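Chemist: Next comes the sequence, and after it the predicted model I'd like to discuss.
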Amino acid sequence: MVKTTKDLLVVSKLKKSFKIGSERLHVLRDVELSVKLGELVALMGPSGSGKSTLLNIVGGLLEAEDGSVILGDYEYGTKNPVNLNNLRRNSIGWVFQNFNLLEHLSILDNVTFALTLSGFSNQEAKARANSSLDRVGLSDRLDFYPQNLSGGQNQRVSVARAISGDRPLLLADEPTGNLDSESGKLIIQLFQELCHDSSNPISVLMVTHDPVLASNADRILLLKNGKVIPSDIPIGNRVK
């Protein structure tokens, strides 16, 4: 395992609530969490507990009411960082349940296109796309289209797109939700490999409802009653 003692992500005293009619629903109450470089962290919790809300704040997509998020050199939370585009381009990749691939583009062009939207030149984007697709085990499928691939392979393309800019943090919101159990195991195994890669480790903060898949993380956190606490689910398993 390639995990350092250095915190890549630190979330402190994060608060978020939503007004529903005349009531205010407090979703996050002084949330504290950290993720180290090279660490795979699973985040679990009841439906509606605020897991996706927390990811959206960490990803710079939603503002909190109080608290802070520190990711590398970026500090934000209650307001978006001035250089939000640089944060998204350089530091954070996203993977969702849905693959969100363009059906009329090959998988190489899907990843290349996303990089050009982030500001990379066509030449650099193609080089980075090739590298990231190789890293997720799809170097022999570059000219394939999404409809020619399995669900698990398409999710690998999504992962490749997320890491293609050498972003150190990957936020995964129910990344196995649309996959069968075997394909889901392979995606978690891919996350393990990416996090524990001695030459270029990343960190993954993954929301999942599946305790079996979560048990393959380095740590499991539980979001309950607006706070993040350690889970008592045994960890240390490795997908086989």
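Modeler: Ah, there it is. Predicted, not measured: the structure shown is a model, and the values here were computed from it. Numbers count the residues shown, from 1 in each chain.

Chemist: Need phi/psi at the residue most central in space within the chain.
Modeler: By C-alpha atoms, centre = their mean, the chain has its centre lying nearest to residue 171, at 1.5 Å. Reported as degrees, to the nearest 10, the phi and psi values for residue 171 are phi -100, psi 120.

Chemist: Specify the beta-bridge partners of it.
Modeler: Taking DSSP bridges, one finds residue 94, residue 205 as the beta-bridge partners of residue 171.

Chemist: For this structure, which residues score under the pLDDT cut-off?
Modeler: For the chain, the stretches with pLDDT under 70 are 1-5, 80-82, 236-240.

Chemist: That one: helices as residue ranges?
Modeler: Assigned by DSSP state H, the helices in the chain fall at 51-58, 84-90, 107-117, 122-135, 151-163, 181-195, 211-214.

Chemist: how about JSON lines for those, with distance to residue 35 and mean neighbour count added?
Modeler: To be clear about C-beta, it is placed using only N, CA and C from the backbone, and glycine gets the same treatment. Formatted as JSON lines, these follow (distance: least, C-beta to C-beta, whole Å; neighbours: other C-beta atoms under 10 Å):
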{"stretch": "helix 51-58", "distance to residue 35": "9", "mean neighbour count": "22"}
{"stretch": "helix 84-90", "distance to residue 35": "16", "mean neighbour count": "16"}
{"stretch": "helix 107-117", "distance to residue 35": "24", "mean neighbour count": "21"}
{"stretch": "helix 122-135", "distance to residue 35": "20", "mean neighbour count": "18"}
{"stretch": "helix 151-163", "distance to residue 35": "15", "mean neighbour count": "24"}
{"stretch": "helix 181-195", "distance to residue 35": "10", "mean neighbour count": "19"}
{"stretch": "helix 211-214", "distance to residue 35": "15", "mean neighbour count": "18"}
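
Chemist: So for residue 225, which of the ones you listed sits nearest?
Modeler: Closest approach to residue 225 among the helices of the chain (C-beta to C-beta): helix 51-58, 13.0 Å.

Chemist: list the helices and strands the closest one packs on?
Modeler: Packing partners of helix 51-58 (3 or more C-beta pairs under 8 Å, 6 or more residues apart in numbering; DSSP states H and E): strand 7-20, strand 23-36, strand 40-44, strand 66-71, strand 169-173, strand 203-207.

Chemist: ok, now how distant is the residue nearest to the centre of the chain from residue 223?
Modeler: To residue 223, residue 171 is 14 Å away according to C-beta to C-beta, to the nearest Å.

Chemist: Then residue 190?
Modeler: Counting by C-beta to C-beta, the gap from residue 190 to residue 223 is 24 Å.

Chemist: can you check residue 67 too?
Modeler: Distance, residue 67 to residue 223, using C-beta to C-beta: 14 Å.

Chemist: can you check residue 119 too?
Modeler: As for residue 119, its distance to residue 223 is 34 Å (criterion: C-beta to C-beta).

Chemist: same check, this time on residue 65
Modeler: 17 Å.

Chemist: Who has more neighbours out of these two?
Modeler: Applying other C-beta atoms under 10 Å to residue 65 and residue 223 shows that residue 223 carries more neighbours, namely 23 against 12.

Chemist: Report the beta-bridge partner residues of that one.
Modeler: Residues in beta-bridge contact with residue 223 (DSSP bridges): residue 228.
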